[in-house]
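Enquirer: I would like the atomic coordinates for the input below:
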Amino acid sequence: MAHYNYIAKDNSGKTIKGKEFAMSERELVMRLARKSLTIISIKRVEESDIMARLTHRRKSLSTFDQMIFCKQLATLLKGGVPLVKGLEIISGETENPTIQVAITEVGHYIKQGDSFSSSLKKMTHLFSPLFISVIEAGEKVGALDTMLERLAKYLAAQDRLAKKIISAISYPTAVLIFFIFAIGVMTLFLVPKFKSMYASFHAQLPPFTLLIFGISDFMIRYIFYIAGAVMLAVFYINRVVFKTQRGKYLFDSFILKIPLFGPIMKKASLSKFTRTMATLLEQGIAVPAALDLVKRTAGNAVIEAASVKVSQLIVDGEKIPDAFRKVNIFPSLIIQMASIGTESGNLPELLDKTADFYEEEVDVFLGIMSSLIEPVLIIVLGLILAIFIVALYLPIFKLSQAMGQGM
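Expert: From the prediction side, this is the model:
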């Protein structure tokens, strides 16, 4: 795979400059010719190029990128376009360099005789195990286009849920960051000016104002120590909590126990769990294998550990609903749906409906919390800023009163 800069002209004579990835210069020429572009020059860029390095550093394609890819490829396959040709069309049309590299490499492996799923397995840094497993199942039953459509539907649901959560927390986070910035500016720059001004008047200051001045002095004197301590704390938390299995488990357990927010985070995780299970079982993947994939894609260490336990219980001979019941983390709704679905042979559909139910509950909760958190947050932060302002201007008010009484 190489990175090329090219200059070409379109049918109207307009000069076009661009960058694309291709297996060879010849392949790029053919791709540009399909776009009715006349090549003027092509230059290969060394691997040290910034864009190439950034492309290879990406750990995986985003959920949205994978969803678009599935939809496009499913549409082309249903239209009778061969797989390799479909991949070439998508690679030529996309403007995302990461997707372009991935699709071009996959197409190259297929031309060499590999299957679609085998080609994807060589790029696990870009495609998730679940994604590859569903593609493999589609190949085995000869319904790759149908599997891609179902996979696109699943990825769209996951992307929708993630965006709802991000949208709900983005505004409070932005307000909190602005508040911290404002308090920092006041403490480090504004408060010292008021302190020097009052010192020149030799005024007797109220305890409230002296407290704010004391906080400001402490921050200014130890700002580098505080910044260093914060950086060390962030490094330690990232190293111990987020980089170790036990740390992740303890952190996720703590998150799930937070009043009000814990239960809704659990429902969001369960929505992803049941949706993933439904998608995999619908493709004919066995329950233990599906649970193993859920474990690797759950995004919550507690749910991951529960998936392992449920899988082991099923392997040992337990029925699916009994295995869920024994783990003691799954709510009665999932257990009941698993029981009904197992008896009726309709487990994937019922799990999918359960995911819809949890997602709707998460959506309603996030909507309510967004409407409540925003005004409450603004009021609380406004009060804290008001305390600073009153503390700084209180001596001026008292001095004005004293001068008025003296007159």
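Enquirer: any idea how many residues pack against Thr124?
Expert: Neighbour count of Thr124, defined by other Cβ atoms under 10 Å: 12. Every residue, glycine included, has its C-beta placed from N, CA and C.
Enquirer: that one and Ile132 touch, don't they?
Expert: Yes - with contact defined as Cβ atoms under 8 Å, Thr124 reaches Ile132; the gap is 7.3 Å.
Enquirer: so Met369 sits right up against Ala168, yeah?
Expert: Yes - counting by Cβ under 8 Å, Ala168 is a contact partner of Met369 at 6.6 Å.
Enquirer: now the element after the lowest-mean-pLDDT helix or strand in the chain, going C-ward?
Expert: Ranking every helix and strand in the chain by mean pLDDT, DSSP states H and E puts helix 50-57 at the bottom, with a mean of 43. Using DSSP states H and E, the helix or strand that directly follows helix 50-57 along the chain is helix 63-78.
Enquirer: which SSE is the closest residue to Leu190 other than its chain neighbours in?
Expert: Of all residues not flanking Leu190 in the chain, Leu392 sits nearest, at 7.4 Å (Cβ to Cβ, 6 or more residues apart in numbering). Under the criterion of DSSP H and E, Leu392 resides in helix 347-406.
Enquirer: mind giving me the packing neighbours of that helix?
Expert: Judged by 3 or more Cβ pairs under 8 Å, 6 or more residues apart in numbering; DSSP states H and E, the packing partners of helix 347-406 are helix 144-185, helix 191-201, helix 207-221, helix 261-282, helix 332-344.
Enquirer: same for the last one, what does it pack against?
Expert: In this structure, helix 332-344 makes packing contacts with helix 320-327, helix 347-406, judged by 3+ Cβ pairs under 8 Å, 6+ apart.
Enquirer: kindly format the C-alpha coordinates of that helix as CSV.
Expert: C-alpha atoms of helix 332-344 as CSV (Å, rounded to 0.1, in the frame of the first residue of the first chain):
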residue,chain,number,x,y,z
SER,A,332,-35.6,-9.9,35.2
LEU,A,333,-36.6,-8.5,31.8
ILE,A,334,-33.6,-10.1,30.1
ILE,A,335,-34.1,-13.4,32.0
GLN,A,336,-37.8,-13.5,31.0
MET,A,337,-37.0,-12.7,27.4
ALA,A,338,-34.3,-15.3,27.3
SER,A,339,-36.7,-17.9,28.7
ILE,A,340,-39.5,-17.1,26.3
GLY,A,341,-37.1,-16.8,23.3
THR,A,342,-35.5,-20.1,24.1
GLU,A,343,-38.8,-21.9,24.3
SER,A,344,-40.3,-20.3,21.2
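Enquirer: between helix 320-327 and it, find me the angle.
Expert: For helix 332-344 against helix 320-327, the angle between stretch directions is 160 degrees (axes from the mean of the first three to the mean of the last three Cα atoms, to 10 degrees).
Enquirer: now helix 332-344: mean pLDDT?
Expert: The average pLDDT within helix 332-344 is 91.
Enquirer: now it: buried residues?
Expert: Ile334, Ile335, Met337, Ala338, Ser339, Gly341, Thr342 (16 or more other Cβ atoms under 10 Å).
Enquirer: any figure for the gap between the closest residue to Pro331 other than its chain neighbours and Ser307?
Expert: Nearest non-adjacent residue to Pro331, counting by Cβ to Cβ, 6+ apart: Leu270, 7.3 Å away. Distance of Leu270 to Ser307, computed by Cβ to Cβ, to the nearest Å: 11 Å.
Enquirer: tell me the secondary structure for Ile7?
Expert: Three-state call for Ile7 (DSSP: H, G, I helix; E, B strand; the rest coil): strand.
Enquirer: quick revisit: quick one: the residue nearest to Pro331 and Phe330 touch, right?
Expert: Yes - look at Leu270 against Phe330 with Cβ under 8 Å: they come within range, at 7.4 Å.
Enquirer: and Ala156, what's its pLDDT?
Expert: 90.
Enquirer: do you know how far it is from Cys70?
Expert: Taking Cβ to Cβ, one finds Ala156 at 9 Å from Cys70.
Enquirer: more crowded one of the two?
Expert: Each of Ala156 and Cys70 has its neighbours counted (other Cβ under 10 Å); Cys70 has more, 23 against 16.
Enquirer: contacts only, for the residue sitting nearest the centre point of the chain.
Expert: In the chain, the centroid-proximal residue (Cα atoms, centre = their mean) is Ala162; its distance is 6.6 Å. With contact taken as Cβ atoms under 8 Å, 6 or more residues apart in numbering, Ala162 is in contact with Thr63.
Enquirer: can you check Gln72 too?
Expert: Gly86, Ile90.
Enquirer: distance of it from Gln158?
Expert: In this structure, Gln72 and Gln158 are 18 Å apart, going by Cβ to Cβ.
Enquirer: kindly report the same for Ser311.
Expert: 21 Å.
Enquirer: check Glu93 too.
Expert: 24 Å.
Enquirer: more crowded one of these two?
Expert: Between Glu93 and Gln158, Gln158 has the larger neighbour count (other Cβ under 10 Å), namely 24 against 10.
Enquirer: from what I can see that one touches Thr274, true?
Expert: No - assessed by Cβ under 8 Å, Gln158 is found out of contact with Thr274, at 11.8 Å.
Enquirer: so this protein: which segments form each domain?
Expert: The record assigns the chain these domain ranges, following automatic domain parsing: 2-54, 59-156, 165-407.
Enquirer: rank the ones you listed by pLDDT, which is bottom?
Expert: Looking at those, the bottom one is domain 2-54 with a mean of 71.
Enquirer: list the contacts of the residue lying closest to Leu205 once chain neighbours are set aside.
Expert: Once flanking residues are discounted, Leu205 sits nearest to Pro395: 5.4 Å by Cβ to Cβ, 6+ apart. For Pro395, the contacting residues are Tyr198, Ala203, Leu205, Pro206, Thr209, by Cβ under 8 Å, 6+ apart.
Enquirer: with Tyr249 instead?
Expert: Contacts of Tyr249 by Cβ under 8 Å, 6+ apart are Ala301, Val302, Ala305.
Enquirer: in helices, which of those fall?
Expert: Counting by DSSP state H, these place Ala301, Val302, Ala305 in helices.
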